[in-house]
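[1] Turn this into a structure:
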Amino acid sequence: MNHFLDIHKTDPTDLRSMIDHAKQMKTARNGRPRGTPDDELPLTGHMVALIFEKPSTRTRVSFDVGVRQMGGQTMVLSGNDMQLGHGETIADTARVMSRYVDLIMIRTFDETVLTEMAEYATVPVINGLTDRTHPCQIMADVMTFEEHRGPIAGKKVVWTGDGNNVCASFLHAAGQFGFDLTFTGPEVLDPEQEFVDLARSKGVDIRIERDPFKAVDGADLVVADTWVSMHDAQSARERRHNLLRPYQVNDDLMAHAKSDALFMHCLPAHREEEATSSVMDGPSSVIFDEAENRLHAQKAIMRWCLGV
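    Numbers count the residues shown, from 1 in each chain. The predicted structure is shown next:
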């Protein structure tokens with residue numbers, strides 16, 4: 001059973017195969033309209049459940065379009081459509097869903113919902129996001145970097161801001177793909193030590209540097225993410241803004257990175273907060289390539305999960 005739960009739980013050879021396959025599928029589309037099918041239709045006859053306890057734009061659209069391009073069908077379910085963990089246990093829901101569909105993608109809050117779903121499902125489960133990790137995003141990010149700058153192994157990535165779930169998956173990816181990562185942000189928002197230690201155990205250089213200008217020195221890639229969640233209260237938003245304002249990615253900060261450094265943001269963004277529009281729309285930015293590549297990377301992940 002090929003679940004895709006987290007990057008560090010997937011063999012590096014399989015991760016590399018997925019990235020390479022995603023590149024091939026992107027190239028094979030040759031600019032055709034998004035609604036047209038691929039030349040190959042490996043998901044013909046397959047039904048994919050897309051479960052969203054958390055709202056989404058990119059995850060929902062990219063998975064839905066990807067399944068359709070490969071000849072499959074989707075069933076999109078929200079938390080309001082299901083009794084997930086309320087009227088029915090996660091385990092029983094997993095057992096029942098497995099009788100109806102061939103693959104489950106779930107975007108949820110608590111990581112234990114994902115892990116329990118995978119434990120009891122008899123079909124593959126994909127992590128579309130949890131509060132701890134976001135592996136599909138980072139697969140798209142690695143693909144995007146390599147499109148523009150070649151192999152990511154040995155490169156320096158700098159994460160600025162909040163050591164959140166996307167940062168966690170970047171740390172997982174550092175160990176699996178062999179690149180170095182520096183985190184710069186306030187101490188209270190450091191990434192989980194477990195994830196830092198895991199990456200270091202793989203032999204890559206993981207650093208924490210409070211000074212953002214020192215952190216980006218020699219960076220090949222600078223990455224930011226939103227400072228606040230849609231669920232944060234106004235008082236919490238103000239506190240986080242005060243903490244994170246020194247870590248905004250602006251033209252001055254990017255000038256301290258390598259001259260050909262790229263900028264990424266997984267979106268949605270609060271412009272002029274975590275990053276300025278001059279950076280997001282500037283020559284170093286690849287944010288919209290990054291967003292598009294969610295589609296291609298996830299198609300490769302789904303094919304790997306199903307073995308097709």
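
[2] Tell me which stretches of the stretch 51-200 of the chain form strands.
    73-78, 103-107, 125-129, 156-160, 180-184 (DSSP state E, counting those that start in this stretch).

[3] can I get these in a markdown table with mean pLDDT and distance to Asp289?
    Every residue, glycine included, has its C-beta placed from N, CA and C. Converted to a markdown table, the strands of the stretch 51-200 of the chain look like this (pLDDT from 0 to 100; distance: least, Cβ to Cβ, whole Å):
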| stretch | mean pLDDT | distance to Asp289 |
| --- | --- | --- |
| strand 73-78 | 96 | 24 |
| strand 103-107 | 98 | 22 |
| strand 125-129 | 98 | 20 |
| strand 156-160 | 98 | 16 |
| strand 180-184 | 98 | 21 |
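
[4] and of those strands, who's closest to Leu41?
    For the strands of the stretch 51-200 of the chain, distance to Leu41 was read as Cβ to Cβ. The smallest value, 11.7 Å, belongs to strand 73-78.

[5] Sheet-wise, list the partners of the closest one with their directions.
    strand 47-52 (parallel) (DSSP bridges).

[6] what sits up against the partner strand?
    For strand 47-52, contacts defined as Cβ atoms under 8 Å, 6 or more residues apart in numbering pick out 59-60, 63-64, 67, 72-79, 82, 84, 97, 100-108, 128, 302.

[7] got the angle between it and strand 125-129?
    30 degrees (axes from the mean of the first three to the mean of the last three Cα atoms, to 10 degrees).

[8] For stretch 144-154, measure first residue to last.
    Using Cα to Cα, to the nearest Å, the end-to-end distance of stretch 144-154 comes to 16 Å.

[9] Now do the buried residues in that stretch.
    Thr144, Phe145, Glu146, Arg149, Ile152 (16 or more other Cβ atoms under 10 Å).

[10] now do stretch 16-34
    Going by neighbour count (16+ other Cβ under 10 Å), the buried part of stretch 16-34 is Met18, Ile19, His21, Ala22, Lys23, Met25, Lys26, Arg29.

[11] For my notes, confirm the fifth one occurs in a helix.
    In other words, Lys23. Yes. Assessed by DSSP: H, G, I helix; E, B strand; the rest coil, Lys23 belongs to a helix.

[12] need the buried residues of stretch 144-154 in CSV with pLDDT and distance to Asp180, can you?
    Converted to CSV, those look like this (pLDDT from 0 to 100; distance: Cβ to Cβ, whole Å):
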residue, pLDDT, distance to Asp180
Thr144, 98, 18
Phe145, 99, 13
Glu146, 98, 16
Arg149, 98, 14
Ile152, 98, 10
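
[13] Of the buried residues of stretch 16-34, which is the nearest to Glu40?
    Met25 (8.3 Å).

[14] Identify the residues contacting the closest one.
    Going by Cβ under 8 Å, 6+ apart, Met25 touches Asp38, His296, Lys299, Ala300.

[15] Helix or strand: which one has the second one?
    Using DSSP states H and E, His296 maps to helix 287-306.

[16] show me where pLDDT drops low in this structure?
    Scanning the chain for pLDDT under 70 picks out 83, 85, 230-235.

[17] For it, list the residue farthest from the centre, please.
    Gly87 (30.2 Å; Cα atoms, centre = their mean).

[18] Kindly list the main-chain dihedrals of that one?
    Gly87 adopts backbone torsions of phi -80, psi -10, taken as degrees, to the nearest 10.

[19] Could you measure from it over to His296?
    37 Å (Cβ to Cβ, to the nearest Å).

[20] Alpha carbons only: can I get stretch 125-143 in PDB?
    Extracted as PDB, the C-alpha positions of stretch 125-143 are listed here (Å, rounded to 0.1, in the frame of the first residue of the first chain):
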ATOM      1  CA  VAL A 125      -4.300   7.800   1.400                       C
ATOM      2  CA  ILE A 126      -2.600  11.200   0.500                       C
ATOM      3  CA  ASN A 127      -1.900  13.900   3.000                       C
ATOM      4  CA  GLY A 128      -3.400  17.100   1.400                       C
ATOM      5  CA  LEU A 129      -2.300  19.100   4.500                       C
ATOM      6  CA  THR A 130      -2.500  18.800   8.300                       C
ATOM      7  CA  ASP A 131      -1.600  21.300  11.000                       C
ATOM      8  CA  ARG A 132       1.900  19.700  11.200                       C
ATOM      9  CA  THR A 133       2.900  19.100   7.500                       C
ATOM     10  CA  HIS A 134       2.100  19.800   3.900                       C
ATOM     11  CA  PRO A 135       4.100  17.400   1.800                       C
ATOM     12  CA  CYS A 136       2.400  17.900  -1.600                       C
ATOM     13  CA  GLN A 137       3.300  21.500  -1.600                       C
ATOM     14  CA  ILE A 138       7.000  20.800  -1.100                       C
ATOM     15  CA  MET A 139       7.000  18.300  -3.900                       C
ATOM     16  CA  ALA A 140       5.800  21.000  -6.200                       C
ATOM     17  CA  ASP A 141       8.400  23.400  -4.700                       C
ATOM     18  CA  VAL A 142      11.300  21.000  -5.400                       C
ATOM     19  CA  MET A 143      10.000  20.500  -8.900                       C
END
